[in-house]
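>>> I'll drop the sequence and a predicted model, then ask my questions.
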Amino acid sequence: MFKNYVKIAWKVLWRNKFFTFVSLFGISLTLMTVIILIVLIDSKVGNSSIDPYRSRSVYVDKIELLSPDRWHPYTPSYYFLDKYVRPLKTPEMVSIHAAMMISFFEKEKKYTADMNYTDGNYWRLMNYNFEEGNAYKDEEVAHAAPVVVINEKMKRDIWGGQSCVGKYIEILDVKHRIIGVVENTSTSYMIWLPLTHDVRDLRNVKYDGNYAATLLAKNEGDIDNIKAELQAVASRAEMIDPARYSKVRIIADTSMEKFARSIGPGKELVMSVIISFMILFMLIPAVNLVNVNISRILDRASEIGIRKAFGASSKRLILQFVVENIMITLFGGLISLVMAGIMLQLLKGMNFVPVTANLINWRVFLLSIVTTLFFALLSGVYPAYKMSRMNVVDALKN
Amino acid sequence: MISLKAIEKVYRTDTIETVALNNINININKGEFVSIMGPSGCGKSTLLNIMGLLDIPSRGEVQIDGKPVVSFKDAELAELRNRKLGFIFQSYHLINDLNVLDNTELPLIYRKISGAERKRRAMEALTKVGLSARAKHYPGQLSGGQRQRVAIARAIVGQPEIILADEPTGNLDSVMGNEIMKILNTLTQDDKVTIVMVTHDEQIARQTSRLIRLYDGSLVN
């Protein structure tokens, strides 16, 4: 029976090429936009080849200092994270790091780069592809070895793509030896240094600073235990300035919570808004497609009459039409995946999306399929229902 | 086999009421070949549609095998049409996007029958009407007579007990018309299929075992 449906669907698509073009254009454009949105969100919250433990990670990049009548949000200091977060028992691993922008001169030219101060664990948590050399080790961090890891973009633009491991680069008035080059994960220049080179707040005894910590849970189920241990630690933390603040609260987020917090007040609310937006975004082209589908149905009234006369029930006709609509929508979905791939490359080139945003990923694929099927049902069920209610005699007269 | 009791069919618009059928009582027995005649607009096709469960009467009762169908749900009616009835229409009503074989097997796709078995039965039906060589052709590539023979193959492929034919020879010349009548006569004689046929043609009607005449929606004795 499905073969018969597919045959008919295929013929119908070819019979009216203009309708097919209009349908496919609307479907592809809509789904492309939704898929790009899915990719962008996934690049922020999902595991990736570079950040493979994101689903097991808890991020601490904010604390709140509270007094009875006020509270202030701060970025935690290295001192705070080193004293209270690093010694936690529940996480499998803790990494402390900070990011900042710096400018430096090389070959009499000024460059601006994203710089990261990290510990040794950072390289265990992340999975960068080293084009040459390797990362610095715990001992090099402990002894503040003047070493640096750069990205491929820097190697290409400053050293013309030639091997640069062993070469020196002056950063913040200190000459650092390049020990590794990683593949680009962003369109910016990137530098990684042992955090022991940080002269800003590494030795400051205060709670607010410029650092963040990534805590790796043993499994996803252990994330809540880490959060509980963090709060227990926070409640016991000694206050440096008890006259001003009486308590500290640690904000610990998963990648999804962190993403939601970056754009709104709460995970549930942000997810509801995103899903509502996606549905609303799909609703308008879906209504258009409903109209196109109804026109197509009227074109096929005689076929509907014949099928009913020979034993098709309304239910079967609905199924047939929905299957046809799923077929065309899946076809549109395929086109939209190709379009989304091209569009993502363009957006990456323009630095609008992270280089790590990846279309070829089972989560994105699964979500794209679910979205496509949802769109197919949204635009197909009503016309199918209308078709199934058609009077046989009227349909045959058509 | 088919029993119509006090059937009435009225078409209503905001301003006008048209009585298409008025107090029709007919019994059609198993194996009969019945023709319905009458002038244009007298309600022949409406009557056939009601017998074929394609239309519902405004009043009265349709019984198939002694069972009133008024309470049947959509799925039950579809099942009954699929198993018990076969239709032949004046304008053939083949699906142009499907080839002859696919058109012929159409009633079988609504039954739990394997694809291979469907193809076998459809080829058998096409052989009966002399069109097995055209199985892969599309309706647009056939003559009117050939299309009607495909329509007959489709009507008989599910081995229904009743065939309802609405002017099956209406669009054909006399030679083709006689060919079609030959096939219908064979069906009723050899396979004991009950056939109810609407026709304008007195000569065609005389080849059937019973003639029902309609005039202005009423039976004429």
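Noted; the coordinates are in hand. Since the model is a prediction, treat every value here as computed from it, not as a measurement.
>>> From residue B:59, how far out is the residue nearest to residue B:51 when sequence neighbours are not counted?
Beyond its immediate neighbours in the sequence, the residue positioned closest to residue B:51 (C-beta to C-beta, 6 or more residues apart in numbering or on different chains) is residue B:2, lying 5.5 Å away. Backbone N, C-alpha and C define where each C-beta goes, glycine included. The gap separating residue B:2 from residue B:59 is 17 Å, by C-beta to C-beta, to the nearest Å.
>>> What about residue A:101? Give its phi and psi, please.
Phi and psi for residue A:101, reported as degrees, to the nearest 10, are phi -100, psi 140.
>>> just to revisit the earlier point, ok, what's across the strand from the residue nearest to residue B:51?
With DSSP bridges as the criterion, residue B:2 is bridged to residue B:28, residue B:64.
>>> Surely residue A:136 is within a strand?
No: with DSSP: H, G, I helix; E, B strand; the rest coil as the criterion, residue A:136 is located in coil rather than a strand.
>>> Before we move on, what's the pLDDT of it?
For residue A:136, the model assigns a pLDDT of 96.
>>> Give me the neighbour count for it.
Residue A:136 is flanked by 22 other residues according to other C-beta atoms under 10 Å in any protein chain shown.
>>> right, and it touches residue A:145 too?
Yes: using C-beta atoms under 8 Å, residue A:136 is in contact with residue A:145, at 6.6 Å.
>>> which residues do these two both contact?
Residues touching both residue A:136 and residue A:145 (C-beta atoms under 8 Å, 6 or more residues apart in numbering or on different chains) are residue A:194.
>>> Quick check: closest non-adjacent residue to residue A:323.
Using C-beta to C-beta, 6+ apart and skipping the chain neighbours, the partner closest in space to residue A:323 is residue A:5 (4.9 Å).
>>> Find the closest residue to chain A in chain B.
Chain A sits closest to residue B:82 of chain B, with a gap of 2.5 Å, by C-beta to the nearest C-beta.
>>> Please identify which helix or strand holds that residue.
When elements are defined using DSSP states H and E, residue B:82 is found to belong to helix B:74-84.
>>> Now do the contacts for the residue positioned nearest the centre of chain B.
Centre of chain B computed as the mean C-alpha position; nearest residue by C-alpha atoms, centre = their mean is residue B:164, 2.1 Å away. Residue B:164 sits next to B:48, B:51, B:52, B:85, B:86, B:87, B:88, B:195, B:196, B:197 when contact means C-beta under 8 Å, 6+ apart.
>>> Make sure the second one is actually in contact with residue B:60.
This points to residue B:51. No: taking contacts as C-beta under 8 Å, residue B:51 lies outside contact range of residue B:60: 11.9 Å.
>>> Quick check: neighbours shared by the two?
residue B:4.
>>> Neighbour count for the two, which is higher?
residue B:51 (24 against 18).
>>> what's the spacing between the more buried one and residue A:236?
89 Å.
>>> cool, residue A:359 as well?
Distance of residue A:359 to residue A:236, given as C-beta to C-beta: 46 Å.
>>> the more surrounded of these two?
Legend: neighbour count by other C-beta under 10 Å for residue A:359 and residue A:236, higher for residue A:359 (20 against 8).
>>> What helix or strand is the residue nearest to that one when sequence neighbours are not counted located in?
In this structure, residue A:359 finds its nearest non-sequential neighbour in residue A:341, 5.2 Å apart by C-beta to C-beta, 6+ apart. Assigned by DSSP H and E, residue A:341 belongs to helix A:314-349.
>>> Tell me the buried residues in that helix?
A:314, A:316-333, A:335-337, A:339-341, A:343-344, A:347-348 (16 or more other C-beta atoms under 10 Å in any protein chain shown).
>>> Packing partners of that helix?
If contacts are counted by 3 or more C-beta pairs under 8 Å, 6 or more residues apart in numbering or on different chains; DSSP states H and E, helix A:314-349 sits against helix A:2-15, helix A:17-45, helix A:267-299, helix A:301-309, helix A:362-388, helix B:74-84.
>>> now the angle from the third one to helix A:17-45?
Which is helix A:267-299. Relative orientation of helix A:267-299 versus helix A:17-45 (axes from the mean of the first three to the mean of the last three C-alpha atoms, to 10 degrees): 170 degrees.
>>> Identify each buried residue in helix A:267-299, please.
A:267, A:270, A:274, A:278, A:282, A:285-286, A:288-290, A:292-293, A:296-297.
>>> same check, this time on the shortest one
When neighbours are counted by 16+ other C-beta under 10 Å, the buried residues of helix A:301-309 are found to be A:301, A:302, A:303, A:304, A:305, A:306, A:307, A:308, A:309.
>>> so how far is the helix ranked longest in chain B from its chain's centroid?
In chain B, assigned by DSSP state H, the helix with the most residues is helix B:174-190. In this view, helix B:174-190 has its centroid 14 Å away from the chain centroid, taken as C-alpha atoms, centre = their mean, to the nearest Å.
>>> helices or strands next to that helix in the packing?
If you count contacts as 3+ C-beta pairs under 8 Å, 6+ apart, helix B:174-190 packs onto strand B:33-37, helix B:144-156, strand B:162-166, strand B:194-198.
>>> who wins for proximity to residue B:23 among the ones you listed?
Of all the helices and strands packed on helix B:174-190, the one in closest proximity to residue B:23, counting by C-beta to C-beta, is strand B:33-37 (15.8 Å).
>>> which other residues reach the closest one?
Residues outside strand B:33-37 that contact it (C-beta under 8 Å, 6+ apart) are B:28, B:44, B:47-48, B:184-185, B:188, B:194-200, B:202, B:204-205, B:207-214.
>>> If any of those are buried, put those into a PyMOL selection.
Buried members of these can be picked out in PyMOL with the line below, counting by 16+ other C-beta under 10 Å:
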select buried, chain B and resi 28+44+47+48+184+188+194+195+196+197+198+199+204+205+207+208+212+213+214
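>>> Could you list the low-pLDDT ranges of the chain?
As the question left the chain open, I've gone with chain A. A:1, A:264-268, A:351, A:354-356, A:398 (pLDDT under 70).
>>> think we crossed wires, I meant chain B
Applying pLDDT under 70 to chain B picks out residues B:221.
>>> For it, list the residues in contact with chain A, please.
Counting by C-beta under 8 Å from any C-beta of the partner chain, the positions of chain B adjacent to chain A are B:49, B:52, B:54-55, B:74-75, B:78-79, B:81-83, B:87, B:89, B:93-95, B:97-98, B:102, B:106-107, B:109-111, B:115, B:154, B:158.
>>> Recalculate using a threshold of 6 Å.
B:49, B:54-55, B:74-75, B:78, B:81-82, B:87, B:93, B:95, B:97, B:106-107, B:109-110 (C-beta under 6 Å from any C-beta of the partner chain).
>>> Of all the residues in stretch B:39-50, which ones are buried?
Those would be B:42, B:43, B:44, B:45, B:46, B:47, B:48, B:49, B:50, for stretch B:39-50 by 16+ other C-beta under 10 Å.
>>> For burial, what's the neighbour tally of the residue lying closest to the fourth one once chain neighbours are set aside?
Once its chain neighbours are removed from consideration, residue B:45 has its nearest residue in residue B:166; the separation is 5.6 Å (C-beta to C-beta, 6+ apart). Here the neighbour count serves as a burial measure; for residue B:166 (other C-beta under 10 Å) it reads 22.
>>> quick revisit: from the contacts of residue B:164, which single one is nearest residue A:183?
residue B:87 (68.0 Å).
>>> The closest one reaches residue A:309, doesn't it?
Yes: if you go by C-beta atoms under 6 Å, residue B:87 and residue A:309 touch, sitting 5.0 Å apart.
>>> Distance of residue A:179 relative to chain B?
Look at residue A:179 and chain B: by C-beta to the nearest C-beta, to the nearest Å, they are 66 Å apart.
>>> Go ahead and name everything in contact with the helix or strand that residue falls within.
In the assignment (DSSP H and E), residue A:179 maps to strand A:174-182. Applying C-beta atoms under 6 Å, 6 or more residues apart in numbering or on different chains, the contact partners of strand A:174-182 are A:128, A:130-135, A:146-152, A:155, A:164-165, A:167-169.
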